[in-house]
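**Student:** Below: sequence and its predicted model.
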There are 2 protein chains.
Amino acid sequence: MSMRRTTIKDVAEAAGVGVATVSRVLSGGSASPETRERVLTVATQLDYRPSALGRNLRQRRSGGIGLLVPDVTDSFYGRLADGVLACARSAGEPVILGATGDDPEREAEMVGMLLEQGVGRMIAIPSGSGEIWEPTLRTGLTTVFAHRVPAGRGDVPAVLADDRAGVRTAVDYLTGLGHRRIAYLGGPGQEQRVAAFREALGPLVDEELLVFARGSRDSAYAAAAGLLQRRPDLTAVLAGGNLLGEAAVLAARELDLRVPRDLSLVMFDDVPWAELCAPPLTVIAQPAQDIGYRAAELVLRGGGRRPRGVLLPTELVVRGSCAPRGTSRSPR
Amino acid sequence: MSMRRTTIKDVAEAAGVGVATVSRVLSGGSASPETRERVLTVATQLDYRPSALGRNLRQRRSGGIGLLVPDVTDSFYGRLADGVLACARSAGEPVILGATGDDPEREAEMVGMLLEQGVGRMIAIPSGSGEIWEPTLRTGLTTVFAHRVPAGRGDVPAVLADDRAGVRTAVDYLTGLGHRRIAYLGGPGQEQRVAAFREALGPLVDEELLVFARGSRDSAYAAAAGLLQRRPDLTAVLAGGNLLGEAAVLAARELDLRVPRDLSLVMFDDVPWAELCAPPLTVIAQPAQDIGYRAAELVLRGGGRRPRGVLLPTELVVRGSCAPRGTSRSPR
DNA sequence: AAACATGATGGAATCGTTTCCATGAGCATG
DNA sequence: CATGCTCATGGAAACGATTCCATCATGTTT
């Protein structure tokens, strides 16, 4: 019943050559044309597939790519993962996926698992801060960060969207519409964006209008609702991710705030439903798929030191969720 | 610089025992209490992690789970994958992810890759039909299907949502509202649902109102727009997936059909944005995450033959996208 | 013609684990 | 006291590939 896999030895015997020769032929080494031909035909006849297990053990590294994202459920990370998969497929490499939930502890656990698997390359959207990553980066695990970098480390290979420019554009757009009290609704690990927000807003920045949620939907909703209730005077919100944007829309609706009449809203990340929403959401589009693809490229071809990161452009897509500041919101 | 990994041999030497003993202790075999203790302390001191490479090679199977989904970008599959990841994590098993794009060829390619990796278990949302899977199932690759089964095979282990009941409920709901010309907008591999749709609608079924798209957004939109233009007399649509639902909303909007006044819409799969849509979408909720989790459970504990599948309940969530049949739509 | 360079080839070592088997100690039973 | 049984233990053989190295045949140079 359970046929043994055909091994390289079987091929060697059937072709009347040594295993070394088979290996050489199959990995493009030197061999005389006739043996090459013979080995190749025999190999296809026997439907031989080299076992990655054997190879990896010998070369002391598994070819695969580890991919660590906070949450596969989030459309942004889904698209990013899709990009990674596309590139990995074209390179014939398997991708091992792990969800960290933006929890440094789980993240460390997953890294450990990858190490145990002998994975030599990894793409991560880091949640933990710099020190946590320090040991990992020394392990020989070639790592490329995507979407953000560990706090306090700028010198690591990374593929990022140009958050700074995105935030600046959005803020300029809102201030151009007359808004002055603009809130930022952020998620975990968005130091970059917050800094850019502060910078773009300059003297107008109000610390109380910077609020942060953890990764979950509930947390996002709580943060959004809290913000809107606490500060009825704000007239615009910049949501730092599609979960946050969703939460903002929901919270606004719950509080009977009309978008965009009572509240203007810009959301980071363009998702398909942004167009279906009422009103359609103005967003800062990020090339999620490209981020993943480029990160995979980097980590694959990345044997040659090229730590300098990649910065991909963002784009403000104006739809219907922003309006000029009208009469200020009436306190409830 | 590049320190060699600590191997079982190192531990054995440091503890003054043989490698066999270390292996035994670490995998719960028999050993005297004092040696056990000694080995354990030494192992933690040296921060020893057994290499999965060596183990897998020896045992001729890699522990991991292969997961094949049509499209990670689709929220439904994202949630499903999340469920799989959750279960796999609790079992300490890595998950290798592949996107098939609902293309049997790519699917076969990915299966080949998994085999090459020595993966012994896999969860798949199949696109190809039964015969294509025949050889794979014989390979010793323990397979559990999720969300749907290969066409023409009912006898395989699978975790499914109760599509039949879901469709029936939705159709009853629509006919109860007075609708008679109801369309089904389907995706790849939905024979089950179509059959249920036919059955539920009985004599009312109109073959021209059954249209199918391939997996992509574009294809979905084309199918939806085509349907609505071709048959201005239909009053309700059942969309067989969130991509299709999205397309239906978009197409209706483009053709100036008001939902639900001119067109009632029910969508398979509850997604977060269904609530944000204008109007909020009435949906058939499926426990995507559970499907993934249960499938993972099945494929892990699944050594003991238990081919019988699992059927999980669906639920009709009534929101605002359906209305009683009013005056029939006026031809454009 | 002798010496040498070249290139194809196969044997054997290696990677890190598990597992089979033999060994020897300790102890009970005849 | 001899025999047999149980148990902990370590040596060594797998697993399936890659790769070093020695071998041998061929063709080239002096």
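**Tutor:** In hand now; what should we look at? Numbers count the residues shown, from 1 in each chain, chains lettered A, B, ... in the order given.

**Student:** A:Met267 - that's part of a helix, no?
**Tutor:** No. Counting by DSSP: H, G, I helix; E, B strand; the rest coil, A:Met267 falls outside a helix, being strand.

**Student:** ok, it to DNA strand D distance?
**Tutor:** Distance, A:Met267 to DNA strand D, by Cβ to the nearest atom of the strand, to the nearest Å: 48 Å. All C-beta spots, glycine's among them, are computed from the backbone N, C-alpha and C.

**Student:** Count the residues that sit near that residue.
**Tutor:** Neighbour count of A:Met267, defined by other Cβ atoms under 10 Å in any protein chain shown: 30.

**Student:** Would you agree it is in contact with A:Pro280?
**Tutor:** No. The pair A:Met267 / A:Pro280 is not scored as a contact, 10.9 Å apart, by Cβ atoms under 8 Å.

**Student:** Return the nearest residue of chain A with respect to chain B.
**Tutor:** Among all residues of chain A, A:Ala278 sits closest to chain B, at 3.0 Å; criterion: Cβ to the nearest Cβ.

**Student:** burial count for that residue?
**Tutor:** Residue neighbour count, defined by other Cβ under 10 Å, stands at 15 for A:Ala278.

**Student:** residues contacting it?
**Tutor:** B:Leu276, B:Cys277, B:Ala278 (Cβ atoms under 8 Å, 6 or more residues apart in numbering or on different chains).

**Student:** okay, now the second one: neighbour count?
**Tutor:** The burial count assigned to B:Cys277 is 22, neighbours taken as other Cβ under 10 Å.

**Student:** what does A:Glu297 give?
**Tutor:** When neighbours are counted by other Cβ under 10 Å, A:Glu297 registers 19.

**Student:** Please name the nearest non-neighbouring residue to it.
**Tutor:** Residue nearest to A:Glu297 in three dimensions, not counting chain neighbours: A:Cys87, with 5.7 Å by Cβ to Cβ, 6 or more residues apart in numbering or on different chains.

**Student:** Outline the domain layout of chain A.
**Tutor:** A:8-50, A:64-161+A:289-313, A:163-286 (automatic domain parsing).

**Student:** Can you read off the pLDDT for A:Gln192?
**Tutor:** Note on A:Gln192: pLDDT of 89.

**Student:** so what sits against both of A:Met267 and A:Pro280?
**Tutor:** Taking Cβ under 8 Å, 6+ apart as the contact criterion, the common neighbours of A:Met267 and A:Pro280 are A:Ala274, A:Ser321.

**Student:** ok, now how distant is A:Gly78 from B:Thr73?
**Tutor:** From A:Gly78 over to B:Thr73 the distance is 5 Å, taken as Cβ to Cβ, to the nearest Å.

**Student:** These two - which one has more neighbours?
**Tutor:** Counted by other Cβ under 10 Å, A:Gly78 and B:Thr73 do not tie: A:Gly78 has more neighbours, with 26 against 22.

**Student:** List phi and psi for that one.
**Tutor:** A:Gly78 has phi and psi values of phi -60, psi -50 when expressed as degrees, to the nearest 10.

**Student:** And A:Phe145, by the same measure?
**Tutor:** Dihedral angles (degrees, to the nearest 10) for A:Phe145: phi -90, psi 150.

**Student:** Give the buried residues for stretch A:258-271.
**Tutor:** By 16 or more other Cβ atoms under 10 Å in any protein chain shown, the buried positions in stretch A:258-271 come out as A:Val259, A:Pro260, A:Asp262, A:Leu263, A:Ser264, A:Leu265, A:Val266, A:Met267, A:Phe268, A:Asp269, A:Asp270, A:Val271.

**Student:** Is stretch A:139-152 positioned near DNA strand C?
**Tutor:** No. Stretch A:139-152 stays clear of DNA strand C (Cβ under 7 Å from any atom of the strand), getting no nearer than 12.1 Å.

**Student:** Let me know the average pLDDT across that stretch.
**Tutor:** Stretch A:139-152 shows a mean pLDDT of 89.

**Student:** follow-up on the earlier one: give the contact list for the residue nearest to A:Glu297.
**Tutor:** Counting by Cβ under 8 Å, 6+ apart, A:Cys87 has contacts A:Gly292, A:Tyr293, A:Ala296, A:Glu297, A:Leu300.

**Student:** Against DNA strand D, how distant is it?
**Tutor:** Distance, A:Cys87 to DNA strand D, by Cβ to the nearest atom of the strand: 22 Å.

**Student:** neighbouring contacts of the lowest-mean-pLDDT helix or strand in chain A?
**Tutor:** When the helices and strands of chain A are scored by mean pLDDT, DSSP states H and E, helix A:130-138 comes last with a mean of 82. Helix A:130-138 has contacts (Cβ under 8 Å, 6+ apart) with A:Pro104, A:Glu107, A:Ala108, A:Val111, A:Pro126, A:Thr143, A:Pro150, A:Ala151, A:Gly152, A:Arg153, A:Val156.

**Student:** with these in mind, which one is nearest to DNA strand C?
**Tutor:** A:Val111 (17.1 Å; Cβ to the nearest atom of the strand).

**Student:** Would you agree that closest one falls within a helix?
**Tutor:** Yes. Checked against three-state DSSP, A:Val111 lies within a helix.

**Student:** For burial, what's the neighbour tally of it?
**Tutor:** By other Cβ under 10 Å, 25 other residues sit near A:Val111.

**Student:** other SSEs contacting the helix or strand in which A:Asp172 is found?
**Tutor:** Using DSSP states H and E, A:Asp172 falls within helix A:163-176. Under the contact definition 3 or more Cβ pairs under 8 Å, 6 or more residues apart in numbering or on different chains; DSSP states H and E, helix A:163-176 sits against strand A:182-186, helix A:191-201, strand A:236-239, strand A:264-268, strand A:282-285, strand A:315-317.

**Student:** A:Leu316: what's it in contact with?
**Tutor:** Contact analysis of A:Leu316 by Cβ under 8 Å, 6+ apart lists A:Gly166, A:Thr169, A:Ala170, A:Tyr173, A:Val266, A:Thr282, A:Val283, A:Ile284, A:Ala285.

**Student:** Can you report how many residues neighbour the first one?
**Tutor:** The burial count assigned to A:Gly166 is 25, neighbours taken as other Cβ under 10 Å.

**Student:** Quick check: which ranges of the stretch 51-200 of chain A have low pLDDT?
**Tutor:** Regions of the stretch 51-200 of chain A meeting the criterion pLDDT under 70 are absent.

**Student:** That one against DNA strand C: which residues are in contact?
**Tutor:** A:Gly54, A:Leu57, A:Arg58, A:Arg60.

**Student:** between those, which has the most around it?
**Tutor:** Neighbour counts for these (other Cβ under 10 Å) peak at A:Leu57, which has 20 neighbours.

**Student:** Which among the domains of chain A is found nearest to B:Thr44?
**Tutor:** Closest to B:Thr44 of the domains of chain A, according to Cβ to Cβ: domain A:64-161+A:289-313, at 13.5 Å.

**Student:** now the end-to-end length of that closest one.
**Tutor:** Distance between the two ends of domain A:64-161+A:289-313: 29 Å, counting by Cα to Cα, to the nearest Å.

**Student:** Can you give the distance from that domain to the centre of its chain?
**Tutor:** Relative to the chain's own centre, domain A:64-161+A:289-313 is displaced by 8 Å; criterion: Cα atoms, centre = their mean, to the nearest Å.

**Student:** just stretch A:54-73 next, same as before
**Tutor:** Taking the mean of its C-alpha atoms, stretch A:54-73 sits 17 Å from the chain's own mean (Cα atoms, centre = their mean).

**Student:** No further queries at this time; thank you.
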